[in-house]
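Engineer: How does the following fold in three dimensions:
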Amino acid sequence: MERVRLGRSDLELTRLGLGTAPLGGLFAPVSEEDAEATIARAWSLGVRYFDTAPLYGFGLAEQRLGRFLRAQPRDTYVISTKVGRLLRAGAAAAEDDHYKGTPRLRPQFDFSYDGVMRSVEESLARLGLDRIDILLVHDPDDHFGDAVNGAFRALQRLREDGSVGAIGAGMNQSEMLARFAESVPVDCFLLAGRYTLLDQGALTALLPICLAQNIGIVLGGIYNSGILADPHGAAKFNYEDADAARVARARELDALCKQHGTELKAASIQFCVAHPAVTVALQGARSADEAAENVAMANAAVPASFWQELRARNLVDGRAPLPGDMP
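Structural biologist: Below you'll find the model as predicted:
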């Protein structure tokens, strides 16, 4: 699989990465066997970039990913995890709305310098690895000041002493990432759900800034939590039930794909990576079959006629580059 340089860093990532939120039981529990089989299938198909976080399954995703990666040569893959949440035992840990089958730990926001250092130590222990390649401040939506003055100071120190290769932030919004780009010397961002066939909000500010400053974009949430994977079922958008207007637009996109003999999943992935600011398409999976499908959809044929009609019908922002535009 093709490898590409991540922004200003020296890291090279495969064009397709495996996101591990589903392996932490996002929306439904995943067995240890299925988790291992999912990672193994992605690995067998050439995926060598893996993203995780303490939040995903409250430690489960990091543990499961680390168990597989510890058996692989350390210099053959790149791993990212996140800071800003510490996992602590709760006296009454009710079932989480999003993650199922999890341990009795719950995340607590902590974007302080010391909290980030503790988070890194605890992630390394769960992963069982000697280093993390990419560290991202995770969803500091209401904590911009704490992130700049605390978390990013810690990340910069870790980058300076060689403990990590790249730093940045991972969020479901583009506006604050654009503010971070102007405030902190970051290498990359993980942007989830804000540059897709349904939502091109990141085109206005974030993606032009990242191009100008050579900040790499890892793009997650490409299916917008499921609606672009299957707009005919119980469609989710941004982790919640999708509204009628988005369902209608997703079904219109799906119908257009079928008219041109292609798949909505394939068009969704290939639309995203056509933007020159996007380094990696990060795809979650909860089974070996889903991991294989992600790779197949990234490589599936999407005819030029589809992209031409997509633009002619104004189904995406006119500023968005399309695969057919690439030389």
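Engineer: Three-state assignment for the nearest residue to residue 313 once chain neighbours are set aside, please.
Structural biologist: Excluding the flanking residues, the one nearest residue 313 by Cβ to Cβ, 6 or more residues apart in numbering is residue 256, at 7.6 Å. C-beta here means a position set from N, CA and C on the backbone, and glycine is covered the same way. What DSSP: H, G, I helix; E, B strand; the rest coil gives for residue 256 is helix.
Engineer: Report pLDDT for residue 256.
Structural biologist: We have a pLDDT of 97 for residue 256.
Engineer: where's it relative to residue 155, distance?
Structural biologist: Residue 256 is 42 Å from residue 155, where distance means Cβ to Cβ, to the nearest Å.
Engineer: So which of these two has more stuff around it?
Structural biologist: Comparing residue 256 with residue 155 by other Cβ atoms under 10 Å, the one with more neighbours is residue 155, at 29 against 17.
Engineer: can you count the residues close to the closest residue to the more buried one other than its chain neighbours?
Structural biologist: Setting aside the residues directly before and after it, residue 155 is nearest to residue 167 in space (Cβ to Cβ, 6+ apart), at 4.1 Å. Residue 167 has 25 neighbours, counted by other Cβ under 10 Å.
Engineer: And the pLDDT for residue 167?
Structural biologist: pLDDT, residue 167: 98.
Engineer: Contact partners for the residue nearest the centre of the chain?
Structural biologist: Among the residues of the chain, residue 220 comes closest to the average C-alpha position under Cα atoms, centre = their mean, at 3.2 Å. By Cβ atoms under 8 Å, 6 or more residues apart in numbering, residue 220 lies in contact with 19, 51, 170, 190, 191, 192, 193, 282, 284.
Engineer: May I ask you to confirm that residue 219 is in contact with residue 191?
Structural biologist: Yes: contact criterion Cβ atoms under 8 Å: residue 219 and residue 191 qualify, at 5.8 Å.
Engineer: More neighbours: these two, which one.
Structural biologist: Using other Cβ under 10 Å, the more surrounded residue of residue 219 and residue 191 is residue 191, with 29 against 26.
Engineer: Confirm that the more buried one sits in a helix.
Structural biologist: No: in this structure, residue 191 is strand, not part of a helix, as judged by three-state DSSP.
Engineer: switch to numbering from 821
Structural biologist: Sounds good: first residue 821 from here, last item residue 1011.
Engineer: Beta-bridge partners for it, please?
Structural biologist: residue 991, residue 1039 (DSSP bridges).
Engineer: so where is the chain shaky, pLDDT-wise?
Structural biologist: 911-914, 1146-1147 (pLDDT under 70).
Engineer: packing partners for the helix or strand hosting residue 899?
Structural biologist: Counting by DSSP states H and E, the element that carries residue 899 is strand 898-903. Contact analysis of strand 898-903 by 3 or more Cβ pairs under 8 Å, 6 or more residues apart in numbering; DSSP states H and E lists strand 869-871, helix 880-889, helix 933-947, strand 954-958 as its packing neighbours.
Engineer: of those, which approaches residue 1113 most closely?
Structural biologist: In terms of Cβ to Cβ, the element of the helices and strands packed on strand 898-903 nearest to residue 1113 is strand 869-871, at 17.4 Å.
Engineer: who does that closest one pair up with?
Structural biologist: When pairing is defined by DSSP bridges, strand 869-871 lines up against strand 836-839 (parallel), strand 898-903 (parallel).
Engineer: Looking at the ones you listed, which is nearest to residue 1059?
Structural biologist: strand 836-839 (13.6 Å).
Engineer: Would you tell me what the next helix or strand after the closest one is?
Structural biologist: Following strand 836-839 in sequence order, the next helix or strand is helix 852-864 (DSSP H and E).
Engineer: Could you name the helices and strands sitting against that following helix?
Structural biologist: strand 836-839, helix 880-889, helix 1108-1119.
Engineer: can you tell which of these is closest to residue 933?
Structural biologist: The nearest among those, by Cβ to Cβ, is helix 880-889 at 21.5 Å.
Engineer: follow-up on the earlier one: okay, the helices and strands packed on helix 852-864 in TSV with distance to residue 1070 and mean neighbour count next?
Structural biologist: Shown next, in TSV, are the helices and strands packed on helix 852-864 (distance: least, Cβ to Cβ, whole Å; neighbours: other Cβ atoms under 10 Å):
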stretch	distance to residue 1070	mean neighbour count
strand 836-839	20	26
helix 880-889	27	23
helix 1108-1119	16	19
